[in-house]
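Novice: Next comes the sequence, and after it the predicted model I'd like to discuss.
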Amino acid sequence: MDLSGKNYKAFTERQEALKKQYGPGQAEKQHSKGKLTARERVSLLFDAGTFEEIDAFVTPANQPVEFGKVERTYGDGVIVGHGKINGRLVFGFAQDFTVMGGSLGLVHARKIAKIQEMALKMGSPIIGMMDSGGARIQEGVASLSGYAAIFHNIINSSGIIPQICVIMGPAAGGAVYSPALTDFVFMVNRTSYMFVTGPNVVKEVLNEEVTSEELGGAEVHGRKSGVAHMIYEDEENTIMALKKFLAYLPSNNVENPPVVADDGLTPDINEKLRDIVPDDPNKAYDVKDVINLIVDRNSFFETAELYAPNLVTGFARLRGKTIGIVANQPKVLAGVLDIDSSTKGARFIRFCDAFNIPLLTLEDVPGFLPGKDQEHSGIIRHGAKLLFAYSEATVPRITVILRKAYGGAYIVMNSKSLGGDFSFAWPTAEIAVMGPDGAVAILYRRELAESKNPAELKKELVRKYRDKIANPFIADELGYIDEVIDPALTRKKIISAFSALSNKWVKVPARKHGNMPL
Amino acid sequence: MNDEKPAIKKLHALSSENRRFTFTLPLRHKIRIGKRSYEVKLKSDEKYGTHILWKNRKYPVEIIRSRQNRYEILFNDISYIFTIETPFSLKRLKVLKQSTGKAETELIKAPMPGKIIDILVREGATVLRGEPLLILEAMKMQNEIHSPVNGHVTRIPAKGGTNVMKDDLLIEIKVE
């Protein structure tokens, strides 16, 4: 196409200016910090040649239009647009640290808000890649109101379209609430951090020396605070994982998750499952081994892996269909439910429920974690979140009890009476109000006190309790368990159970919203 | 993955012992034994799975686990751990190492109240990431506490058979 004509002069000049703005000098600056440029990120994320940018030429709010005197800055520090990821429409924005430090001004915020509103209207996921110095101080309250509009949009879209945030640089101050409100937060190790108040303020106010990394690095948010769900070593891996992750999710809350072709390589009957739970009830095992043998080969994608690892959550596929998995992890903290694992599980369940993803619960839980620390920090109200989330969920819900299912924790973990659709148990299951040792100590207190050989008697009573009470057969006979199954058949059983539930529809009462104990 | 960029021709594999191997794509490698050099090929088909072809014999290779760019590979019944880096990411790795790389001390603390059943390492021992350090009995379960880092054990305040509270210091490891 010939664009050399006079009429196209301004058009081509602008294109050249934009190209110059994103020249190699900018790239060098980002690369030296171990980061990619916003453009490189966008081109990695979207399928080749599918990204369409909008509002590329907007100028900052306070930049006056003078007749060619001022070098114009285009884009106001953010790239927004839409494109295809694995062939599906996705909206996205990438803050650009090389343009005014990626700081958020009014125009910058309007660009993001525009794309958010579009994503909501089209019912498509939105991805935000954050790399910003924070609010643009020069623009004052206009910049703050920009943030507020972005937050408001996120909340309006919450539960309608999946919203994912990727932290690829600093996110400080108000900016951190944008990721906090989205469904999943990805973070890049060593080059990204988030905090409400930065190290300088901490130093000034509390006189405490702390580095950005210690205060809000990926490691901190992945392991301790639970703000970030997925942590990766570099940006390429983060983006690749994000693309893989999106393939599990539907585009919006009225669609079903995409189905991938089943390669048929996972055997429906797998005898290895019979040997995973050790004979000794005090010995641990890795519940991820169980998950990987049940779901389609290599399909398990764990979320929030480092945070509260005593409860495993993640997505997987059964015959190509997405399911959400919540599983107690006996290998970590004996698989107890504590504050962190309860909130982690509750949030995951609510995401699955909002986006029509059926839930599979694998249960091996000795109970809630006892102690002053937990009680004082409010395990009662945090544990109630998990209970609330399960009970409220209307997606198909199946539980398989692998081993321990004791007391309150049994109730919380998707028990039948909480509205669970199917409950299966392995023959190794122990379902009771209390574990054998605790129960015997209460039930036979007098006998044990009067006995000449209490240790011996206790051992005997514990053995009896385990045989007679702590097994799955009583619950099975009472109908609280639908079937005690051979572990080898687990995959087969849950596939047929989920298929029986595929048309599940529950009428929810008309109300504004429930009052979840937050 | 991205059609616009030239395909990567060279990759680096870093082993868990910090040895570096460079290989080209598509994989074709020559190994030298004595004075003769042999060509080694990596093949994969449905019948034999992935295998290395050398002197017309097949040696099966299995990827046991892959996470991001980290692979655990089983070959001749020995497992090897590698991370794969592109020339660009290798350069970045060096940059980041310089900016953050100082040896630190990792404090292993009790994750919950319980009783120390057994301590599996001694002072001065070299430990690898994921290696069990001690067994803590809590919630009537024997929990293995694993090392989160590679390093040397410098101090073991924990004693076998004693009760510990949450956040009590158990083991100190100097990070390598």
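Specialist: Perfect, thanks for sending it.

Novice: how about the helices of the stretch 1-150 of chain A, start to end?
Specialist: With DSSP state H, counting those that start in this stretch as the criterion, the stretch 1-150 of chain A has helices at A:9-21, A:24-32, A:38-45, A:106-122, A:141-157.

Novice: want to throw these into TSV with mean pLDDT and distance to chain B?
Specialist: Any C-beta I mention is one placed from the backbone N, CA and C, and that applies to glycine too. Shown next, in TSV, are the helices of the stretch 1-150 of chain A (pLDDT from 0 to 100; distance: least, CB to the nearest CB, whole Å):
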stretch	mean pLDDT	distance to chain B
helix A:9-21	85	15
helix A:24-32	85	7
helix A:38-45	94	6
helix A:106-122	96	23
helix A:141-157	95	28
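
Novice: Let me have these in TSV, extended by mean neighbour count.
Specialist: What follows is the helices of the stretch 1-150 of chain A, written out as TSV (neighbours: other CB atoms under 10 Å in any protein chain shown):
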stretch	mean neighbour count
helix A:9-21	12
helix A:24-32	14
helix A:38-45	22
helix A:106-122	21
helix A:141-157	17
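
Novice: Of those, which is nearest A:Pro170?
Specialist: Closest of the helices of the stretch 1-150 of chain A to A:Pro170 is helix A:24-32, at 12.8 Å (criterion: CB to CB).

Novice: where does the residue of chain A most remote from its centre land in three-state SS?
Specialist: Computed with CA atoms, centre = their mean, the maximum C-alpha offset from the centroid of chain A is found at A:Lys452, amounting to 54.9 Å. Following DSSP: H, G, I helix; E, B strand; the rest coil, the label given to A:Lys452 is coil.

Novice: same deal with B:Gly160?
Specialist: coil.

Novice: From B:Val127, how far off is it?
Specialist: Note on B:Gly160: its distance to B:Val127, by CB to CB, to the nearest Å, is 18 Å.

Novice: More neighbours: which of the two?
Specialist: Higher neighbour count among B:Gly160 and B:Val127: B:Val127, with 22 against 12, using other CB atoms under 10 Å in any protein chain shown.

Novice: so that one makes contact with B:His152?
Specialist: Yes. If you go by CB atoms under 8 Å, B:Val127 and B:His152 touch, sitting 7.5 Å apart.

Novice: what residues are shared contacts of the two?
Specialist: B:Ile173 (CB atoms under 8 Å, 6 or more residues apart in numbering or on different chains).

Novice: Show me which positions of stretch A:407-421 end up buried.
Specialist: Neighbour-count burial for stretch A:407-421 flags A:407, A:409-410, A:412-416, A:418, A:420-421 (criterion: 16 or more other CB atoms under 10 Å in any protein chain shown).

Novice: Tell me which residues touch A:Lys203, please.
Specialist: Neighbouring residues of A:Lys203 by CB under 8 Å, 6+ apart: A:209-210.

Novice: quick one: secondary structure of it?
Specialist: State at A:Lys203, reduced to three classes by three-state DSSP: helix.

Novice: What separation do you get for it and chain B?
Specialist: Separation of A:Lys203 from chain B (CB to the nearest CB, to the nearest Å): 20 Å.

Novice: Distance of that residue relative to B:Pro132?
Specialist: A:Lys203 sits at a distance of 39 Å from B:Pro132 (criterion: CB to CB).

Novice: again, but for A:Thr211
Specialist: 31 Å.

Novice: and what of A:Ala429?
Specialist: With CB to CB as the criterion, A:Ala429 and B:Pro132 are 27 Å apart.

Novice: In terms of neighbours, single out the busier of these two.
Specialist: More crowded of A:Ala429 and B:Pro132, by other CB under 10 Å: A:Ala429, with 24 against 14.

Novice: For the residue lying closest to B:Lys41 once chain neighbours are set aside, pull up the helix or strand it's in.
Specialist: Leaving aside its sequence neighbours, B:Lys41 sits nearest to B:Leu53 (CB to CB, 6 or more residues apart in numbering or on different chains; 4.4 Å). Per DSSP states H and E, B:Leu53 falls inside strand B:49-54.

Novice: and that strand, which strands flank it?
Specialist: Applying DSSP bridges to the sheet, strand B:49-54 is found paired with strand B:36-45 (antiparallel), strand B:57-67 (antiparallel).

Novice: Put together JSON lines for the ones you listed, with mean pLDDT on each row.
Specialist: Below are those laid out as JSON lines (pLDDT from 0 to 100):
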{"stretch": "strand B:36-45", "mean pLDDT": "78"}
{"stretch": "strand B:57-67", "mean pLDDT": "81"}
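
Novice: Return the residues in contact with A:Asn252.
Specialist: For A:Asn252, the contacting residues are A:123-125, A:160-162, A:355, by CB under 8 Å, 6+ apart.

Novice: For PyMOL, what selects the buried ones among those?
Specialist: Those of the contacts of A:Asn252 that count as buried under 16+ other CB under 10 Å are selected in PyMOL with:
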select buried, chain A and resi 123+124+125+161+162+355
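
Novice: Check the contacts of A:Asn252 and tell me the two furthest apart.
Specialist: Using CB to CB, the contacts of A:Asn252 span at most 13.1 Å, a distance reached by A:Ser124 and A:Phe355.

Novice: three-state assignment of A:Ile505?
Specialist: Not quite, residue A:505 is Trp, not Ile. The three-state assignment at A:Trp505 reads coil, by three-state DSSP.

Novice: Just read off the phi/psi values of it.
Specialist: Phi and psi for A:Trp505, reported as degrees, to the nearest 10, are phi -140, psi 130.
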